[in-house]
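# Provide a 3D model corresponding to the input given below.
(one chain, ligands or ions: 1)
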Amino acid sequence: MLGMPRYDKVKFMTEILLKYLPHGERNRVQKHRDYRQKIISNYQPLHRELYSMHPATTFVTPFLKAVSDNTEESFRRIMSEPSPGVFTFEMFQPQFCELLLSEVENFEKWVNEAKFRIMRPNTMNKYGAVLDDFGLETMLDKLMENFIRPISKVFFAEVGGSTLDSHHGFVVEYGEDRDADLGFHVDDSEVTLNVCLGKQFSGGELFFRGTRCDKHVNSGSHSEEIFDYSHVPGCAVLHRGRHRHGARATTSGHRINLLLWCRSSVFREMKKYQKDFSSWCGECLREKKERQRMSIRATKRELLRREGESTA
Ligand SMILES: [Zn+2]
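Model prediction:
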């Protein structure tokens, strides 16, 4: 057991922990597992090579080099940070994007032919598919562990970036006969990787409006938090899940993006006992600074008063 790969150990432990979940939750987990098993035992993958991680044929060379060097400097060399907390960089080889797109297309063809009812990626997207549901879970786990976690450890440590331990991986499709846009929201993730896979499109820009905790999610944004990003195929955007954002309408063509919502169970557990999120929530930080300003002002006033008393 001890010498087994990490993935098998996790599977083993998940099996044990399942017995301790509340009944309703256990049912839900079991049902989803049956659903996934039903797909995997019936769907014939088109490109088998996609189902295990092959870094050399997946990523562009500068990205591979940066991750293998594994320092803040090496990441900064390939990444831009056009707005605080939003990182963009070239990530996938065009060939890999094409393979993944054709695999997703093949999966959807199978879904239609088999008249299989699939679950969509989330409540906001009517089009798209959950990659974890048709066999890509292990590959995406490797993507998170070996490539996204080292980067998140450096740039998103305050939201559990170094302890990311589960993910939700899916593709979303926009354009004619697909979803048009996506409203303003936060993701159910600590760190989100969003990579454009193609194809030809116009519009579809991402707009960002600052990071917020649960309590402040609907508060206003400040001018320095307003940022728009235009997708480029093969290029990734990495941001905190709590960074509020949305996607403008894809006005022509067809746009498909890969999303990897990375989660940290450690961070989620710790968060329950905290009230101040000024290390990442823009509004908590503003309130904290305001409190400090008030307290300094009060101290000054008190000192002046005492001085006045002593000279009187
Ligand atoms: Zn807050």
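# for the residue nearest the centre of the chain, what are its contacts?
By CA atoms, centre = their mean, the mean C-alpha position of the chain lies nearest to Thr192, the distance being 1.5 Å. If a contact means CB atoms under 8 Å, 6 or more residues apart in numbering, then Thr192 has Leu238, His239, Arg240, Gly241, His243, Leu259, Leu260, Trp261, Cys262 as its contacts. Heads up, the C-betas are built off the backbone N, CA and C, glycines and all.
# Isn't the third one up against Gly160?
Put plainly, it is Arg240. No - using CB atoms under 8 Å, Arg240 is not in contact with Gly160, being 9.9 Å away.
# Now for these two: what residues contact both?
Counting by CB under 8 Å, 6+ apart, the common neighbours of Arg240 and Gly160 are Glu190.
# Where do the domain boundaries of the protein fall?
Domains of the chain are assigned by automatic domain parsing as 1-42, 46-280.
# can you redo the ones you listed as JSON lines with mean pLDDT and distance to the ion?
Shown next, in JSON lines, are these (pLDDT from 0 to 100; distance: least, CB to the ion, whole Å):
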{"stretch": "domain 1-42", "mean pLDDT": "85", "distance to the ion": "28"}
{"stretch": "domain 46-280", "mean pLDDT": "94", "distance to the ion": "3"}
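# Tell me which of those domains sits most buried.
Using mean count of other CB atoms under 10 Å, the stretch among the domains of the chain with the greatest mean number of neighbours is domain 46-280 (a mean of 17).
# Check the offset of that domain from the chain's centre.
The chain centre lies 5 Å from the centre of domain 46-280; the measure is CA atoms, centre = their mean, to the nearest Å.
# same check, this time on stretch 291-309
For stretch 291-309, the distance to the chain centre is 45 Å (CA atoms, centre = their mean).
# Check stretch 20-34 too.
The chain centre lies 24 Å from the centre of stretch 20-34; the measure is CA atoms, centre = their mean.
# Dump the one helix or strand Ala66 maps to to CSV, keeping only the CA atoms.
For Ala66, the host element (DSSP states H and E) is helix 61-69. Below are the C-alpha coordinates for helix 61-69, written out as CSV (Å, rounded to 0.1, in the frame of the first residue of the first chain):
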residue,chain,number,x,y,z
THR,A,61,8.7,24.7,-24.0
PRO,A,62,9.0,27.9,-22.0
PHE,A,63,6.2,26.8,-19.7
LEU,A,64,7.9,23.4,-19.1
LYS,A,65,11.2,25.1,-18.3
ALA,A,66,9.6,27.6,-15.9
VAL,A,67,7.9,24.8,-14.0
SER,A,68,11.0,22.7,-13.8
ASP,A,69,13.0,25.6,-12.5
